[in-house]
Structure formats: structure tokens, C-alpha cells
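Student: what follows is a predicted protein model with its sequence.
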Amino acid sequence: MNSSVDYLAYPVIVSNHRQSTSFRKKLDFGHYVFHKNRIQIVKPTVDTKPPVVYKHHILKLSKLQGEQKRIDKIEYENKQLCQKIANAHRGPAKVDCWNEYSSKSLNRETRNRELVRITMENQGILKRLGDCKPHYDLRSLELDWQARGYSVIFLCTHSLRSE
């Protein structure tokens, strides 16, 4: 800086005894020298670094926590199943569900009516089969068969004797 020229970095509008330009001039000159030295030290470089990457953009902690909760739940359920299987193998065989299951069908009444109708028809057919009489007399057929059987035996025995 040129010391012969009056220092007018901060011109004084109204002068009083507390505003001394010489002290301000010293401070500003010191800052100027410091800045000039820093500028001389600087070397030109090209910034080849990648942009700043923040962890919270890449590593999603909420997703990791959700995944960990899911894994913990699966492990807990697997442990419960293993305990149930071990208890079943250890203890005696027993049935633990005696609940009767009734099918919940919309056409149950229709099927029941159809079942009753078919049952009644079958009973009628059975009664008719039991009541029917044969067309042939069984006693006379049996007597006739016996008579013919004896005659065949008689003929066979006499024919063997004659030869």
C-alpha cells in the first residue's frame, strides 16, 4: 500500500477522538499481507474427487431395522414350531382336536331332502323284493329233480351190470 496517500478504506464522516485511522490502517494492512502470502502459496489443481456421498443416502437404517425384525419373527416362529414338534415326539400320542366339523354348504337342505327321498325309494324297492312270490313251485321242482336223479342213477347202475 502506498503510505503517502491518506488511508481512506473507511472514510470518517464525523471525526471524534475514538476513531483513529492509523490503527485501522495497521489492521487492514496486516490482513492484506496475510492474504497476499496465501495467494502466492496456492498451486493450481484439478479437483478429481467424487462428490461427497453421505451414509444415510446409501445405507437405509429403517430398511435394515425392518429386515432384522422380520428375521427375528421368523426365528421366533421356527423356535416355537421346533418346541411343539419336540413335545409331540416326547409325549404319548393323543388327539388334541375333538371338534366335529360340519360342512357349511348352501344346499345342505336340498341334499338332505334328496337323501331322504332316495332312502324311501330304496326301502320301497326292498319291500317289493321281499314280498314278491316266485312263478314256479319250488317244492314240485325239487321233487321232480329227485325223481329224475334217482332214475339216472338207476339207469347208470343197471347199464354197468348188463355189460
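Tutor: It's in. Note that the coordinates shown come from a computational prediction; the quantities given were computed from them, not determined experimentally. Numbering: from 1, shown residues only.
Student: look up which helix or strand the residue nearest the centre of the chain falls in, please.
Tutor: Note on the chain: the residue nearest the mean C-alpha position is residue 74, at 10.8 Å, using Cα atoms, centre = their mean. Residue 74 belongs to helix 61-90 when assigned by DSSP states H and E.
Student: check which helices and strands that helix sits against.
Tutor: Here helix 61-90 touches no other helix or strand, going by 3 or more Cβ pairs under 8 Å, 6 or more residues apart in numbering; DSSP states H and E. No exception for glycine: its C-beta is placed from N, CA and C like everyone else's.
Student: mind checking what helix or strand follows it in sequence?
Tutor: Secondary structure here is assigned by DSSP H and E; on that basis, the next helix or strand after helix 61-90 toward the C-terminus is helix 108-131.
Student: what mean pLDDT does that next one have?
Tutor: In this model, helix 108-131 carries a mean pLDDT of 94.
Student: tell me the buried residues in that helix?
Tutor: The neighbour-count check on helix 108-131 (16 or more other Cβ atoms under 10 Å) flags nothing as buried.
Student: mind checking the SS state of residue 46?
Tutor: Taken by DSSP: H, G, I helix; E, B strand; the rest coil, the conformation at residue 46 corresponds to coil.
Student: so how far is residue 114 from it?
Tutor: From residue 46 over to residue 114 the distance is 92 Å, taken as Cβ to Cβ, to the nearest Å.
Student: now residue 143
Tutor: Note on residue 143: its distance to residue 114, by Cβ to Cβ, is 49 Å.
Student: same check on residue 124?
Tutor: Applying Cβ to Cβ, the value for residue 124 to residue 114 is 16 Å.
Student: with residue 50 instead?
Tutor: Counting by Cβ to Cβ, the gap between residue 50 and residue 114 amounts to 80 Å.
Student: how about stretch 41-53 as CSV, C-alpha atoms only?
Tutor: What follows is the C-alpha trace of stretch 41-53 in CSV, where atoms were taken according to Å, rounded to 0.1, in the frame of the first residue of the first chain:
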residue,chain,number,x,y,z
ILE,A,41,1.5,-20.3,-2.0
VAL,A,42,-1.5,-21.7,-3.9
LYS,A,43,-0.9,-24.1,-6.7
PRO,A,44,-3.4,-24.7,-9.5
THR,A,45,-5.0,-28.2,-9.2
VAL,A,46,-7.9,-30.0,-10.8
ASP,A,47,-10.5,-31.5,-8.3
THR,A,48,-10.9,-35.1,-9.4
LYS,A,49,-12.6,-36.3,-6.2
PRO,A,50,-16.0,-37.8,-6.5
PRO,A,51,-18.9,-35.8,-5.0
VAL,A,52,-19.5,-36.2,-1.3
VAL,A,53,-21.6,-39.3,-0.5
